[in-house]
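Asks: Here you go, sequence then predicted model.
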Amino acid sequence: MKKTIFVLGLLVAFSACKTVKPVETTVTTETKPDFTIAFGSCNKHDEVNPLWDDVLAANPNLWIWGGDNIYADTDNMQQLRAIYAAQDNVPGYKKLKETVPVIGTWDDHDYGLNDGGVEFKAKKESEQEFLDFMDVAKDSPRRQREGVYAVHNYNLPKAKVKVLVLDTRYFRTALTPATDNKRRVQPNVYGEGTILGEEQWKWLTEELNNSEADFNILISSVQYLSNKHGFEGWGNFPHEVDKLKKLLVKTKAKGAMILSGDRHISEFSVDTVKDLNYPLVDFTSSGLTHTYTGFSGEENPYRVGEVVFVKSFGLLNFDFDTKTVNFKMIGDNGKVLGELKQTY
């Protein structure tokens with residue numbers, strides 16, 4: 001079956017390095033979605049987040065944290081706990097939690113160590129604080145397992161949605177410092193190091209092998225496809241990028257997509273994977289309270305459309321009858337800053 005991809009509300013950017021400005025359009029009336037996911041990342045509890053009312057206005061069935069849900073950067077659990085508590089008491093977020101289920105992952109600043117990975121000494125303690133923030137039951141098996149990865153299944157009348165929350169911190173091995181002054185890090189030697197670690201890869205393989213979902217949504221705190229910017233991302237472990245593509249093909253995963261954060265910009269990246277019968281979308285949404293306002297362009301061979309560098313969150317509207325997902329970047333006052341439609 002021929003799969004189609006549409007880009008709306010954006011000018012397609014064939015030059016990956018040009019300076020770009022967000023294109024704003026007003027949210028238009030459309031058929032009520034069968035399922036709606038809102039997600040976002042890079043959120044400071046002590047800075048104004050103008051978007052919580054817009055998230056609520058989108059009527060999501062689910063809110064997903066994409067990482068850097070708070071900024072703590074600490075191995076002091078008392079301090080970490082206090083910042084989580086402060087975030088829980090932010091009025092807009094508190095109201096959201098009262099009406100919308102919340103799941104998600106972490107990134108380095110709520111993990112506790114900037115650009116941190118397996119070497120962070122307080123990761124076990126930090127994991128428990130994160131699980132408390134996510135209201136995970138004290139007797140949940142997740143409390144006994146290393147890493148915050150998790151699966152959430154939504155069996156709806158017309159379709160099944162599986163959300164696979166990945167942990168790109170707990171097991172991630174060392175990065176390779178860049179040898180030039182244009183990048184912070186550079187890709188590891190092919191085959192060296194890991195992002196997910198052996199146990200998480202085993203878990204992910206089993207989940208995808210056994211998935212009956214019509215849509216398999218992978219949550220990664222760092223970008224999966226964009227690989228030229230010289231910051232953190234899957235591209236620093238190119239063999240892990242290939243491993244995931246092969247896994248999606250081998251398991252015949254339906255409707256797989258990746259939601260990512262970290263970068264303080266929002267963009268759509270799309271790749272055509274051999275033997276995967278739909279384009280693989282990596283939707284980056286970042287950030288909620290602060291953004292890369294000085295952005296002047298960077299290379300991304302997979303980018304579709306333009307980069308948005310104002311405060312925004314991601315929105316996914318599902319139409320189960322047509323197997324279509326409408327991806328949107330939403331700014332303050334419900335402005336649509338970027339939009340992409342994908343039929344699976």
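Replies: Alright, I've got the coordinates. Numbering: from 1, shown residues only.
Asks: Count the residues that sit near the spatially closest residue to Q186 that is not a sequence neighbour.
Replies: Closest residue in space to Q186, ignoring its immediate chain neighbours: A178 at 4.5 Å, by CB to CB, 6 or more residues apart in numbering. C-beta coordinates here come from the backbone N, C-alpha and C atoms, glycine included. Neighbours of A178 under the rule other CB atoms under 10 Å: 13.
Asks: any idea how far K228 is from A178?
Replies: Applying CB to CB, to the nearest Å, the value for A178 to K228 is 12 Å.
Asks: To which secondary structure element is the spatially closest residue to D262 that is not a sequence neighbour assigned?
Replies: The shortest distance from D262 to any non-neighbouring residue, by CB to CB, 6+ apart, is to V222 (4.8 Å). Assigned by DSSP states H and E, V222 belongs to neither a helix nor a strand.
Asks: what distance separates stretch 135-146 from the centre of its chain?
Replies: 22 Å (CA atoms, centre = their mean, to the nearest Å).
Asks: Just the residues contacting that stretch, thanks.
Replies: Identification of contacts with stretch 135-146 by CB atoms under 8 Å, 6 or more residues apart in numbering yields V102, K124, E127, Q128, L131, V148, A150, Y170, F171, E199.
Asks: did I read that right, the fourth one in a helix?
Replies: Just to be clear, that refers to Q128. Yes: per DSSP: H, G, I helix; E, B strand; the rest coil, Q128 lies within a helix segment.
Asks: need the contact list for it.
Replies: Listed by CB under 8 Å, 6+ apart, the contact set of Q128 reads R143.
Asks: before we move on, what about V241?
Replies: Shown in contact with V241 (CB under 8 Å, 6+ apart): Y224, N227, W234, G235.
Asks: could you redo the last one with a cut-off of 7 Å?
Replies: Residues in contact with V241 (CB atoms under 7 Å, 6 or more residues apart in numbering) are Y224, W234, G235.
Asks: Need those in a markdown table (columns: neighbour count).
Replies: Shown next, in a markdown table, are the contacts of V241 (neighbours: other CB atoms under 10 Å):
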| residue | neighbour count |
| --- | --- |
| Y224 | 27 |
| W234 | 25 |
| G235 | 22 |
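Asks: just those residues now: which is nearest Y344?
Replies: Comparing the contacts of V241 against Y344 with CB to CB picks out Y224 as the nearest, at 17.6 Å.
Asks: and stretch 199-219, how far apart are its ends?
Replies: Stretch 199-219 has an end-to-end distance of 17 Å (CA to CA, to the nearest Å).
Asks: Can you check the pLDDT for V7?
Replies: V7 is assigned 47 on the pLDDT scale.
Asks: Lowest-scoring secondary structure element of the chain by mean pLDDT?
Replies: strand 25-26 (a mean of 38; mean pLDDT, DSSP states H and E).
Asks: C-terminal to that strand, what's the next element?
Replies: Later in the chain than strand 25-26, the nearest helix or strand by DSSP H and E is strand 35-40.
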